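[1] my questions concern the predicted model and sequence given below.
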Amino acid sequence: MVGKISWKAVFGLVVILIALVVSVAVVSAQEPVVGVYANSSEVVVFWDPSEGFSNEVIVMNEVYETLVRYDIVTGEFTPVLATSYESTADGLTWTFHLREGVKFHTGGEMDAEAVKFSIDRTIAGEKGAFYIWDPVESIEAKDKYTVVFHLSYPAAIDIAASAPYCAHIFDPDFSDRDWFYEGNDSGTGPYTIESNEGNEIVILKKFDDYWGGWEGEHFDKVLFQWVPEEGTRRLMVESGEADFCQRLAASELEALKGVPGVEIVSVPSFQSLVAMFNTAKSADEPIGNPLVRKALLYALNYDGVVEGVMGGYAQQSRGVVPLGLWGHSDQVKQYTFSPTTAKLLLEQAGYPSGGFKLMLTYVAGDENERRTAELWKSELAKLGVELEIRGLPWEAQVDLGSAEDPNNRQDIFLFYWWPDFPDPHSFLSQMFETQPLLFNFSYYSNPVYDALINVAKQKALLEREAAIELYLEAQNIIMEDAAGVAIYDMSSQRAKQTSLKGYVDNPAYSHVVFWYNCYREE
Amino acid sequence: MTAYVVRRLGLALIVVFGVSVFAFLLTVVVPSNPAMRWVGPHAKLEQIEKARIELGLDKPVHVRYFKYISAFLRGDWGVSIRTHQPVLQDIATYLPASVELIIFGMFLGFTVGIPLGIVSAVRDGTMVDHSSRVFSLVGVALPTFWLGMILQLVFFKQLGLFPLAGRVAMMTRFTAPIEHITGFYLFDSLITGNFTAFGSALSHIVLPGITLAAYPLGLSARMTRATMLEVLGEDYIRTARACGLRERRILGVYALRNAIGPVITVGALTFAYSLAETFLIESVFTWPGLGQYASKAILSVDYPAIMGVTLLVAFTYVLLNLLVDLTQTFLDPRIRLG
């Protein structure tokens, strides 16, 4: 009896084991190779490629393509949907020669009419980063594979054509806004949208007819997931559940150092933390006095911020244009931490013991901004200056900064700036040029400065060196007037699996992986 | 009974209307700029102004409110400023995940908490009672996000027994995708015979479920103990014992039935409360539920989403209260409605 039961039990166990092995083998054979991107915020905000302006950059640049792509390593433009391009000597006419045989995910073929339609639609919609096409007067589909841009003033249209937002080409026959917002795409990219769960989980699948082909190793699918909790994102990377995470707090990055199979990639970004001083307050207000503003700049412990707050993942800014972007210059005046100088300046301004209060606002929830402000507060306290720090939601911070009476606004506005496309004008114009208030939270107005940056913009294409000189002069004016300061240029720290190969960070496409170029090394 | 139900539903509508006015006014009063959020970062002034008009934010408050309510009653709950999707669609996407988690957690909490409370009451004053009370207190007092993180560290990182986050394993989405019927992964996978996905969904809900269960477990245990102690001191219980009825029958049929009423009331309120208050658990476990949606809506002053979630939760509260009151009459025939 015992023997019979034993044989039956053994036989049953073997059958079960075989079934399990077979089922696992079958499942394994069917499993696609999936890349996982753990994102710190919702994956997609704007589904319409003519409206792009936010987090969706990480998805859109996988499913859509631009005419050219800016290569940060070489500083040149690599062909994508356009195989070549040229411009006239006066920079007013740009001709792009398109790649033939490129298919849209929706079935049609990409041609000059599609390019014209896509960009015309973006310009007409006046949403997102449409203003990158500001110089364009008209677009001509010269023949099936030739597009000509006619400009109203000389400009580097290749920069606009390479932008991560609002430069994508899509199928004119599938361009209904509601259709896009249902989670569809009509791009030409290597991946197409397979599914979307509430903009929090977006899955892409490979487009079999992609013009670049699928030779070699590639990911079959890419899963983007919004993982709001820092600790959870770190654990996902640590356990191998996520291949890539674009942002983690310094403390989480420290915890990942030395973990087998994980690497931290630190690369320069074009993002800076900027402090804007309220220059519009009346002269009898402390912040309205340039000497006081300079004292504030000397009272900030820049090294303390870089090391203590950013954990070394940043460097003190020099000027407004960040390191790595053309227009950045080592010749721009840079303030250093010097409490003695700060005290002297306060004495000259008539505040030998401080004795006044300032209000600083920052975006609530951003720990780096808060800690930078706290460090500044502690140094100012030694000079007898009280700094009130207020964390506010972004819209509320802007609302306060837009108050009718400048005296009711903050004294110091702290926020991040990054360019919509890689051009210094984005920094210098939007933050310090005289304009109806939007991001000029120093309320700075200097006709000389305005003229300098606008002339530089005109010269940027054909007289690059002259433009750089003009931008240098403009930045020094900002520093001399102490309208504000870029405190640090951040570097981006990406946490990734060492098995994820082919990834090259490109600050011109912030947070974008370009999964087509990547593969997992087993 | 019918008249009572109709009257209560009428009162419910008044309550929900009041909540809608209050919530709408709050979204107007709180400093924000929905138009700026709508157009995205780095937007130009003209774009923001255009969006302000497009969203109807240039209209007077009372006009905006009446426009919103009339559209709401027609089934148009507005478009989320943050997600750019219809709010009703967003809620339909996120709600099943929350409801599934809450049902699982509440079921776990009450099936452990109520017997614990009974045992605690029966063994009043003993070590069992003291231990149970401490355990209940810990369950109520522990911060949910902390508990969730500890469970992740222990059961995922150290022991590797349960998954870290999400509703289902990533690979399951591709190899055994769950057919969407109700949005409840456990139910949908079970009725379609997708046992691979069922197993995955079950393993994924355990840790967030335990985290959520801690509070109702503690609450139900303490409440059950308190009401049972009161009931067990009644004359009819003493009489039942004197008549020689089995203790199990006395506790389960006579005592518990009389003691369970307040526990059910609290349970229903906890359920409604949890709909939007589980955001910490959902955040830690990357659980795509209504709590996270609501918290993001609040932080971004996404007023259509705030209104949608607020009205949904308000209506759920009043409906559950009505159901609880009706349930009480079945449990205790002495209770009369009206």
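    Thanks, I have the structure now.

[2] in the chain, where is pLDDT below threshold?
    I'll assume chain A. A:1-30, A:72-73, A:436-438 (pLDDT under 70).

[3] wrong one, chain B
    B:31, B:41-42, B:276, B:331-338.

[4] and the residue of it closest to chain A?
    Nearest residue of chain B to chain A (Cβ to the nearest Cβ) works out as B:Gly40 at 3.4 Å. Glycine gets a C-beta too; all of them are placed from N, C-alpha and C.

[5] phi, psi for the closest residue to that residue other than its chain neighbours please.
    Excluding its sequence neighbours, the residue lying closest to B:Gly40 (Cβ to Cβ, 6 or more residues apart in numbering or on different chains) is A:Phe53, at 3.4 Å. According to degrees, to the nearest 10, the main-chain angles of A:Phe53 amount to phi -160, psi 10.

[6] what about stretch A:243-260 and chain B, touching?
    No. Stretch A:243-260 lies out of reach of chain B by Cβ under 8 Å from any Cβ of the partner chain, never closer than 10.8 Å.

[7] now do the buried residues in that stretch.
    Neighbour counts over stretch A:243-260 (16 or more other Cβ atoms under 10 Å in any protein chain shown) mark A:243-250, A:252-253, A:256 as buried.

[8] again with stretch B:153-166
    Applying 16+ other Cβ under 10 Å to stretch B:153-166 flags B:155-156, B:162-166 as buried.

[9] could you do stretch A:356-374 as well?
    A:358-363, A:366, A:368-373.

[10] and that stretch, how far out from the chain middle?
    Centroid separation for stretch A:356-374 versus its chain: 22 Å, with Cα atoms, centre = their mean, to the nearest Å.

[11] what does stretch B:152-161 give?
    Distance, stretch centre to chain centre, for stretch B:152-161: 26 Å (Cα atoms, centre = their mean).

[12] now swap in stretch B:160-171 and tell me
    On Cα atoms, centre = their mean, the centre of stretch B:160-171 falls 22 Å from the chain's centre.

[13] same question for stretch A:319-328.
    Computed by Cα atoms, centre = their mean, the chain-centroid distance of stretch A:319-328 equals 15 Å.

[14] now swap in stretch B:10-29 and tell me
    Counting by Cα atoms, centre = their mean, stretch B:10-29 comes out at 20 Å from the chain centroid.

[15] which residues touch that stretch?
    With contacts defined as Cβ atoms under 8 Å, 6 or more residues apart in numbering or on different chains, stretch B:10-29 is touched by B:61, B:64-65, B:68-69, B:72, B:301, B:303, B:306-307, B:310-311, B:314-315, B:318-319, B:322.

[16] which parts of it are buried?
    Those would be B:12, B:16, B:19-20, B:23-24, B:27, for stretch B:10-29 by 16+ other Cβ under 10 Å.

[17] cool, and stretch A:321-334?
    A:321-325, A:327-329, A:332.

[18] picking that back up, closest one to A:Ser40 out of the buried residues of stretch B:153-166, please.
    B:Ala165 (13.9 Å; Cβ to Cβ).

[19] that closest one against B:Ser283, yeah?
    No. The criterion here is Cβ atoms under 8 Å, and B:Ala165 misses it with B:Ser283 at 9.9 Å.

[20] joint contacts of these two?
    Here B:Ala165 and B:Ser283 have A:Glu229 as joint contacts, going by Cβ under 8 Å, 6+ apart.

[21] show me how far the lengthiest helix in chain B is from its chain's centre.
    Counting residues, the longest helix in chain B under DSSP state H turns out to be helix B:195-232. Centre-to-centre, helix B:195-232 and its host chain are 13 Å apart (Cα atoms, centre = their mean).

[22] so what does that helix touch, helix or strand wise?
    Where contact means 3 or more Cβ pairs under 8 Å, 6 or more residues apart in numbering or on different chains; DSSP states H and E, helix B:195-232 is packed against helix B:87-122, helix B:127-141, helix B:144-151, helix B:170-175, helix B:185-191, helix B:256-277, helix B:279-284.

[23] need the winner for burial among these.
    With neighbours defined as mean count of other Cβ atoms under 10 Å in any protein chain shown, the helices and strands packed on helix B:195-232 peak in mean count at helix B:279-284, which reaches a mean of 24.

[24] list of residues touching that one?
    A:228-229, A:231-232, B:97-98, B:101, B:144-145, B:148-149, B:152, B:165, B:208, B:211-212, B:287-289, B:291-292, B:294-295.

[25] make it 7 Å
    A:228-229, A:232, B:144-145, B:148-149, B:208, B:211-212, B:287, B:289, B:291-292, B:294-295 (Cβ atoms under 7 Å, 6 or more residues apart in numbering or on different chains).

[26] and if you look at stretch B:263-275?
    Residues contacting stretch B:263-275 (Cβ under 7 Å, 6+ apart): B:98, B:102, B:106, B:110, B:114, B:212, B:216, B:219-220, B:223-224, B:227, B:290, B:313, B:316-317, B:320-321, B:323-324, B:327.

[27] could I get that stretch in CSV with only the CA atoms?
    This file holds the C-alpha atoms of stretch B:263-275, laid out as CSV (Å, rounded to 0.1, in the frame of the first residue of the first chain):
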residue,chain,number,x,y,z
VAL,B,263,-19.5,48.6,14.0
ILE,B,264,-21.3,48.4,10.7
THR,B,265,-22.0,52.2,10.8
VAL,B,266,-18.4,53.0,11.4
GLY,B,267,-17.4,50.5,8.7
ALA,B,268,-19.6,52.2,6.2
LEU,B,269,-18.2,55.6,7.1
THR,B,270,-14.7,54.3,6.9
PHE,B,271,-15.3,52.9,3.5
ALA,B,272,-16.6,56.3,2.2
TYR,B,273,-13.7,58.1,3.9
SER,B,274,-11.2,55.8,2.4
LEU,B,275,-12.3,56.5,-1.2
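
[28] the residue nearest to A:Phe356 when sequence neighbours are not counted and chain B: what is the separation?
    Distances taken as Cβ to Cβ, 6+ apart put A:Pro286 closest to A:Phe356, at 4.6 Å, once the chain neighbours are dropped. From A:Pro286 across to chain B, the span is 25 Å (Cβ to the nearest Cβ, to the nearest Å).

[29] ramachandran coordinates for A:Pro286?
    Here is the backbone geometry of A:Pro286 (degrees, to the nearest 10): phi -50, psi -50.

[30] so it sits against A:Lys294, correct?
    No. At 11.9 Å, A:Pro286 and A:Lys294 do not qualify as touching, with contact defined as Cβ atoms under 7 Å.

[31] so among the contacts of stretch B:10-29, which ones count as buried?
    Buried members of the contacts of stretch B:10-29, counted by 16+ other Cβ under 10 Å: B:64-65, B:68-69, B:72, B:301, B:303, B:306-307, B:310-311, B:314-315, B:318-319, B:322.
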